[in-house]
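J.: what's the 3D shape of this:
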Amino acid sequence: MEIESTKEVAMRPQNEQLPTEARRFLDFLVSRGRKPSTIRRYMYDIADFYRFAALHAEEKNVSLQHLEPALIEDYFMFLIDTRQYNYKTAKRIATVLRRYFQYLSQSYGFAENIMEDVSLPEAEDETISDNDLFSQKELSRLFRSIESDLGLSDEQIQARPLLAPRNKAMIQLLLHYGLRLQELHGLSLDDVNFGTGTMAVSPDDGEVLPRHIQLSKQDRRDLNHYLKGIPKPVRPYPGQNHPLFVAFDFQKQTYRWSYERDEPKRLTIVAMQKMIREEAKRAGVASGKSARNFRHTFIVSALKHGHTLEYIQDILGLHSTLVLARYQAYVDGLAE
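T.: The predicted structure follows:
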């Protein structure tokens, strides 16, 4: 079988977008006689990761200094939660990046392969453990921390009165109703009926069913408090399909407006992931916790309170109760 030359590899469109160290890695693979199909797969996966990293860092060229375990974990959460990649595909991509970062550590003098510190989201059939859940102590610390200024810079303290209500409302929807991150991201103001207290969840990926959720009075008040705190010129308004959760501009110390769409700028999934990670870190919560852990905590809590699998199926819009078996097994194990 003929092996592509370095020049042929470099001519591919994805390769042109890669930083120098990534192109050198592909050259290294070519020199080791890897199959053309392997080179193409590695090229695509690495290019895709760098596109995500550039969006995350809001920079066109992502330097090696931007590459850290938290960023890589966000990428895999994006692949699984947003793109709906299965666990097997995510593991394959992880193998590609692990080998790439191993090359970087050996060729650029890194102390270690940063992929070794990355925790991949668990497979849907993995057992639930205490580490997958937020403890009541952790949740108490988290909500107290959201309301405080402890550990914040002057710029962050200035923005806190606007940001704290938004972050609290988002986390409550994840924790109290088991929403997936892409469902939280897709919510519009018109999905919430403050009069009846219902919220329409309309996922567009087909993984779960559309449904209506009954919000508690407190969660409604907190959500309304967040919205009323947004300055009127950039505030979401009903009847316009405006996003429910809006991005924030620290430089201007206000919420952002999308001039392209002529509406408040919707907060991205990447920014939501970053918010959860930073709030958890500031509260002293164990690292690695994400939106999925709020969902896990919701399901286990519902089972502990005696709710049936069918009830939880309806709340989450699941097609079957089978995916809840591992949660039931965890709760059953507590009683043994």
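
J.: Could you name the helices and strands sitting against the helix or strand residue 270 falls within?
T.: Using DSSP states H and E, residue 270 maps to helix 269-282. Helices and strands touching helix 269-282, as assessed by 3 or more CB pairs under 8 Å, 6 or more residues apart in numbering; DSSP states H and E, comprise helix 36-57, helix 69-77, helix 136-147, helix 154-177, helix 181-186, helix 291-304. Quick note: C-beta positions are derived from backbone N, CA and C, even for glycine.

J.: Looking at the ones you listed, which is nearest to residue 199?
T.: The closest of those to residue 199 is helix 154-177. By CB to CB, the value is 7.9 Å.

J.: What residues of the closest one count as buried?
T.: Of the residues in helix 154-177, 159-160, 162-177 count as buried by neighbour count, 16 or more other CB atoms under 10 Å.

J.: starting at the chain centroid, how far to it?
T.: The chain centre lies 16 Å from the centre of helix 154-177; the measure is CA atoms, centre = their mean, to the nearest Å.

J.: can you tell me which residues contact the closest residue to residue 188 other than its chain neighbours?
T.: When the adjacent residues along the chain are set aside, residue 188 lies closest to residue 241, with 5.2 Å between them (CB to CB, 6 or more residues apart in numbering). Residues touching residue 241, when contacts are defined by CB atoms under 8 Å, 6 or more residues apart in numbering, comprise 188, 189, 190, 263.

J.: Next: residue 245.
T.: Counted by CB under 8 Å, 6+ apart, residue 245 has contacts 166, 169, 170, 184, 185, 187, 266, 267, 272.

J.: Export those as TSV, with columns for distance to residue 320 and pLDDT.
T.: Converted to TSV, the contacts of residue 245 look like this (distance: CB to CB, whole Å; pLDDT from 0 to 100):
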residue	distance to residue 320	pLDDT
166	34	97
169	30	98
170	28	98
184	23	94
185	25	92
187	25	96
266	31	95
267	31	93
272	27	90
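
J.: Which of those residues sits closest to residue 103?
T.: Taking CB to CB as the measure, residue 272 is the one of these closest to residue 103, at 31.6 Å.

J.: need the contacts of residue 245 in TSV with distance to residue 92, can you?
T.: Output for these, formatted as TSV (distance: CB to CB, whole Å):
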residue	distance to residue 92
166	36
169	37
170	32
184	28
185	26
187	32
266	31
267	30
272	26
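
J.: Hmm, residue 101 is touching residue 114, no?
T.: Yes: with contacts counted by CB atoms under 8 Å, residue 101 reaches residue 114, the gap being 5.6 Å.

J.: Find the residues that touch each one of the two.
T.: residue 67.

J.: Give me the below-cutoff pLDDT ranges for the chain.
T.: By pLDDT under 70, the low-scoring segments of the chain are 1-16, 56-66, 84, 109-112, 117, 119, 121-125, 205, 336.

J.: Find the centremost residue of it, please.
T.: Taking CA atoms, centre = their mean, the centroid of the chain lies closest to residue 273, which sits 3.8 Å from it.

J.: picking that back up, what's the farthest-apart pair in the contacts of residue 245?
T.: 169 and 266 (15.0 Å).

J.: Report the spatially nearest residue to the residue nearest to the centre of the chain, omitting neighbours in sequence.
T.: Nearest non-adjacent residue to residue 273, counting by CB to CB, 6+ apart: residue 74, 4.9 Å away.

J.: Quick check: residue 257 touching residue 236?
T.: No: the criterion here is CB under 8 Å, and residue 257 misses it with residue 236 at 10.6 Å.

J.: Look at those two and report which has more neighbours.
T.: Per other CB atoms under 10 Å, whichever of residue 257 and residue 236 has more neighbours is residue 236, with 20 against 17.

J.: In contact with the more buried one: list those residues for me.
T.: Contacts for residue 236 (CB under 8 Å, 6+ apart) come out as 188, 189, 227, 230, 242, 243, 244, 246, 263, 264.

J.: Contact partners for the first one?
T.: Spelled out, that is residue 188. Contacts were defined as CB under 8 Å, 6+ apart; by that measure residue 188 touches 236, 241, 242, 243, 244.
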